[in-house]
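Participant: Build me a structure from this.
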Amino acid sequence: MFFIILCHSGISTDDTTWKIIFAFNVPGFFFISGYLYRPHPWQRTLKSFGIPILFFSVINLAFILLKEYSSTDSHSASFICNNIFSGYLFAGEQNFFVLFPGIWFIEVLFVCRLLMGDINKISFFRQNSLFTAGVSIATMLFLSHLTLPDQLTSPCIFRVLSCFPFMLLGHYAKEANWINLVKRPQKLQIIVVSALLYVTIYNQMGYINIWSNNYGDNYLDFFIYACAASAFLFSICRILPKSKFAEVTSKGTLLILGIHMMLIVVLRHVFKKMGLEPENEIICWMISIITIFLCYLPIKWCINHAPILIGKIPSGKKK
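Facilitator: Model (predicted):
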């Protein structure tokens, strides 16, 4: 989640850091989601996503209204109300307020989970993960040669096609027991090979941002690049010792998505008052680090007292 915060902190989209992070961060999330996937009733999944989204959307709405009220260049309340709902349905460079930053990711993940088996009658995609991933990649390559209307590409759900292959690959990696088959010396080899592949393809990539439906110069290159970067990062994480901080924050994805933009706005204002330029990359890194640390205690509190706010449903409440 730290890299998502960093990309939202104001770092330039033309910056190398942006390109490197956005090429693997979201795909890596879907890969891990596929690896960790266990079927649940779709109603349970809807509840675990829906309640945190509703809760943090209300908080963000209050923050936006307060911010707009205190701003000299503010939008009218009617304009805000007329545009907030679009943020739940559409992604890309559009003029609307997003009450839950990263909502498109959660919606796409929800649909992917349904296709993976949260709907009881659907298991074909999970059982034929490599075939389905191949068809999805081929479809994306075909569509990349077409000029598609915004009415088709702007809805969040369109991104299912580009993200689903990563989730399928993660599930296949688990079923094939890739992680346990790879010994420590081989992990080091994977890190080296992934890094070399990462650097080789990087120079060929254009602008990448799944949110705005940009996949560089070629979706296949993007897919290979993202897989190499994910393998690189995943292998390093497997070698590093376990961290309590990382363990806690990894459970608070929905909380971090829900509040990180408010924290970033406040911290950018603080740094600006201190005479520091918030668009400076070093300042963006500082803001991101402070933000992730500020999220730590609320996540711990939710784990102990309100797990539903981070999408966790206690086992005793399963139906």
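
Participant: Now P52. Nearest residue, chain neighbours left out?
Facilitator: L254 (4.2 Å; CB to CB, 6 or more residues apart in numbering). C-beta coordinates here come from the backbone N, C-alpha and C atoms, glycine included.

Participant: For the chain, which helix or strand comes out least confident on mean pLDDT?
Facilitator: helix 184-202 (a mean of 65; mean pLDDT, DSSP states H and E).

Participant: so what strands line up beside whatever helix or strand comes next after that helix?
Facilitator: Under the assignment DSSP states H and E, the closest C-terminal helix or strand after helix 184-202 is strand 208-209. Within its sheet, and counting by DSSP bridges, strand 208-209 is paired with strand 214-215 (antiparallel).

Participant: Need the residues that contact the strand it pairs with.
Facilitator: Residues outside strand 214-215 that contact it (CB atoms under 8 Å, 6 or more residues apart in numbering): 140, 144, 162, 206-208, 222.

Participant: what packs against the helix or strand following it?
Facilitator: Sequence-wise, the next helix or strand downstream of strand 214-215 (DSSP H and E) is helix 219-239. Counting contacts by 3 or more CB pairs under 8 Å, 6 or more residues apart in numbering; DSSP states H and E, helix 219-239 is packed against helix 16-35, helix 129-143, helix 160-175, helix 184-202.

Participant: Extract the C-alpha set from helix 219-239 and format it as CSV.
Facilitator: What follows is helix 219-239, C-alpha atoms only, in CSV (Å, rounded to 0.1, in the frame of the first residue of the first chain):
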residue,chain,number,x,y,z
TYR,A,219,-0.3,-4.8,-23.2
LEU,A,220,1.8,-7.9,-23.6
ASP,A,221,5.0,-6.0,-22.7
PHE,A,222,3.2,-4.5,-19.8
PHE,A,223,2.0,-7.9,-18.6
ILE,A,224,5.5,-9.4,-18.8
TYR,A,225,7.0,-6.3,-17.2
ALA,A,226,4.4,-6.4,-14.3
CYS,A,227,5.0,-10.2,-13.8
ALA,A,228,8.8,-9.7,-13.7
ALA,A,229,8.4,-6.8,-11.2
SER,A,230,6.0,-8.7,-9.1
ALA,A,231,8.2,-11.8,-9.0
PHE,A,232,11.2,-9.5,-8.1
LEU,A,233,9.3,-7.8,-5.2
PHE,A,234,7.6,-11.1,-4.1
SER,A,235,10.9,-12.9,-3.9
ILE,A,236,12.5,-10.2,-1.9
CYS,A,237,9.6,-10.2,0.6
ARG,A,238,9.9,-13.9,1.0
ILE,A,239,13.6,-13.6,1.9
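
Participant: May I see the buried residues of stretch 230-246?
Facilitator: For stretch 230-246, burial by neighbour count (16 or more other CB atoms under 10 Å) applies to 230-235.

Participant: what does the average pLDDT come to for that stretch?
Facilitator: Averaging pLDDT along stretch 230-246 gives 77.

Participant: Check stretch 60-73 too.
Facilitator: Mean predicted confidence for stretch 60-73 is 80.

Participant: Distance from it to the middle of the chain?
Facilitator: Here stretch 60-73 is found 26 Å from its chain centre; the criterion is CA atoms, centre = their mean, to the nearest Å.

Participant: Closest to V270 out of the buried residues of stretch 230-246?
Facilitator: L233 (30.7 Å; CB to CB).

Participant: ok, so what distance separates the closest one from I106?
Facilitator: 21 Å (CB to CB, to the nearest Å).

Participant: So which of the helices and strands packed on helix 219-239 is nearest L276?
Facilitator: Nearest of those (CB to CB): helix 16-35, 18.2 Å.

Participant: neighbouring contacts of stretch 166-181?
Facilitator: 27-28, 30-37, 109, 112, 116, 125-126, 129-130, 132-133, 136, 223, 226-227, 230, 238.

Participant: swap in stretch 35-53?
Facilitator: So stretch 35-53 is contacted by 100, 103, 106, 109-110, 113-114, 116-119, 126, 167, 170-171, 173-174, 254-255, 258, 308-313, 318-319 (CB under 8 Å, 6+ apart).

Participant: mind listing which of those residues are in helices?
Facilitator: Residues of the contacts of stretch 35-53 located in helices (DSSP state H): 103, 106, 109-110, 113, 126, 167, 170-171, 173-174, 254-255, 258.
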